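1. Next comes the sequence, and after it the predicted model I'd like to discuss.
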Amino acid sequence: MSSLVFSAEYLLELSSKPLDPLEMIAGFVPPKHFEAATFDNYIPDTTYPSQANALQEVLKFITSLQDNQQGSNGFFKKYFNANASQGSGIYLDGGFGIGKTHLLASAFHQFDGTKVFLSFQELMFLVGLQTLKGVVVSLQETKLLVIDELELDDPANTRITTNLLSQLFDSGVSILTSSNTPPGALGDGKFSVEDFRRELGSLTDRFTSIKIDGEDYRTLHHIGEGTSSTWTSSESELHSLFDSPFLDDKRVIDSDFMQFLDVLSKVHPMRIRSVLPKIDALVLRDVSTITHPHAALRFVYCIDKAYDNNILVMASSSVEPKDLWHQSYFTGGDTKKYLRTISRLKEMTHSGYQQLK
């Protein structure tokens with residue numbers, strides 16, 4: 001094998017480099033996994049008409065926004081307020097693996113204007129680095145803000161989000177976002193749903209909510225069918241996979257799992273986002289069930305970013321991906337987050353994965 005192999009500590013190399021919020025904002029675009037996403041190559045499942053409806057509604061929204069920016073009196077201007085200086089929004093509600101991010105990325109690619117694409121977690125990280133007021137100033141000239149997977153984990157995040165998005169709407173920013181739960185149900189399983197509805201009431205009125213039904217595409221259309229899994233219980237089998245031709249000339253992080261989790265605890269998630277595009281494969285040894293909630297969520301974010309960058313995952317493990325997290329984690333507000341990561345790991349741990357990208 002002629003790979004370039006790094007230890008987990010490679011992730012720490014960026015720790016001394018200051019994070020520049022403006023530089024980060026300029027780099028907020030759809031991830032590599034969705035860089036070719038368009039409305040034309042989004043294929044709705046005919047079993048679920050809501051998918052075709054969502055496609056048409058998002059396309060209308062972007063067409064309307066484009067017309068609005070160009071001063072047109074286009075047919076689709078219904079989405080925008082009578083006061084053209086205010087932004088409007090669409091909220092895509094549906095489960096994971098049914099193409100919500102594909103639609104968001106397609107909208108971003110099609111819109112010709114100032115635009116930013118980022119996850120909700122990244123937006124919150126940005127607020128932490130820049131303050132709420134600083135983020136408003138940085139984004140208020142943006143015409144389209146795309147936020148993937150809106151997640152309100154606690155009342156503080158709810159207040160920050162409500163304040164931030166309301167100010168951006170008032171500045172003329174239009175917002176396209178998605179979530180695994182409808183606006184009125186955000187916070188289910190964690191805090192009082194009534195509290196969230198009260199907090200978000202005025203904000204959710206700014207969005208047109210569009211429901212998308214369907215089943216996980218990765219489960220229905222098993223990627224890598226006919227190829228071997230790279231998630232194995234055998235260290236010797238992992239060694240054989242590690243020496244296989246599809247890793248030739250690839251950049252690989254090879255690490256003991258506990259050491260990898262320890263490194264993740266020392267690196268700001270935004271630095272993980274920056275370094276992973278430089279990696280082609282992630283090799284994790286002696287993977288076991290994660291029993292600490294903070295470690296669990298850090299690993300979820302890491303896998304999300306690895307998925308975004310089409311990174312192959314190889315692992316020797318005594319547990320299957322579905323058993324990576326303690327079962328108690330599947331009773332709270334992060335349940336769908338863990339299920340989404342399991343679904344993505346199933347796709348990423350097939351040796352045919354890279355060849356399909």
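-> On my side now, so go ahead. Residues are numbered from 1 along each chain as shown.
2. Sketch out the low-pLDDT regions of the stretch 151-300 of the chain for me.
-> By pLDDT under 70, the low-scoring segments of the stretch 151-300 of the chain are 153-154, 180-200, 218-227.
3. need the helices for it, in chain order.
-> 155-170, 193-204, 217-220, 235-242, 257-264, 269-275, 293-308 (DSSP state H, counting those that start in this stretch).
4. For H326, which of those helices is the nearest?
-> helix 293-308 (7.7 Å; Cβ to Cβ). The C-beta positions use only the backbone N, C-alpha and C, and glycine is treated the same way.
5. Check which residues of the closest one are buried.
-> Residues of helix 293-308 classed as buried: 295-308 (neighbour count, 16 or more other Cβ atoms under 10 Å).
6. so after that helix, what's the next helix or strand?
-> Downstream of helix 293-308, the first helix or strand assigned by DSSP states H and E is strand 312-317.
7. In the sheet, which strands lie alongside that following strand, parallel or antiparallel?
-> When pairing is defined by DSSP bridges, strand 312-317 lines up against strand 231-232 (parallel), strand 281-287 (parallel).
8. For the ones you listed, give me a markdown table that also has distance to L150 and mean neighbour count.
-> Formatted as a markdown table, the strands paired with strand 312-317 follow (distance: least, Cβ to Cβ, whole Å; neighbours: other Cβ atoms under 10 Å):
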| stretch | distance to L150 | mean neighbour count |
| --- | --- | --- |
| strand 231-232 | 30 | 20 |
| strand 281-287 | 27 | 21 |
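9. and K17, which of these is closest to it?
-> Of these, nearest to K17 by Cβ to Cβ is strand 281-287, at 21.6 Å.
10. what angle separates that closest one from helix 235-242?
-> Strand 281-287 runs at 180 degrees relative to helix 235-242, counting by axes from the mean of the first three to the mean of the last three Cα atoms, to 10 degrees.
11. Can you check the distance spanned by stretch 301-320, start to finish?
-> Using Cα to Cα, to the nearest Å, one end of stretch 301-320 lies 19 Å from the other.
12. returning to what we had before: relative to L282, which of the helices of the stretch 151-300 of the chain is closest?
-> Short answer: helix 293-308, nearest of those by Cβ to Cβ, at 6.1 Å.
13. Counting by contacts, list what the closest one packs against.
-> Using 3 or more Cβ pairs under 8 Å, 6 or more residues apart in numbering; DSSP states H and E, the elements in contact with helix 293-308 are helix 257-264, helix 269-275, helix 335-348.
14. Nearest to S88, out of the strands paired with strand 312-317?
-> Of these, nearest to S88 by Cβ to Cβ is strand 281-287, at 39.8 Å.
15. Can you find which helix in the chain contains the most residues?
-> Ranked by residue count and defined by DSSP state H, the top helix of the chain is helix 49-70.
16. Could you name the helices and strands sitting against the very next helix or strand once past that helix?
-> Following helix 49-70 in sequence order, the next helix or strand is strand 89-94 (DSSP H and E). In terms of contacts (3+ Cβ pairs under 8 Å, 6+ apart), strand 89-94 is packed against helix 49-70, helix 100-110, strand 174-179, strand 207-212.
17. Next, work out how far apart N68 and S233 are.
-> 56 Å (Cβ to Cβ, to the nearest Å).
18. the more surrounded of those two?
-> Just comparing N68 and S233: by other Cβ atoms under 10 Å the higher neighbour count belongs to N68, 23 against 13.
19. Tell me how far the more buried one lies from E57.
-> 16 Å.
20. what about H268, how many residues close to it?
-> Neighbours around H268, by other Cβ under 10 Å: 14.
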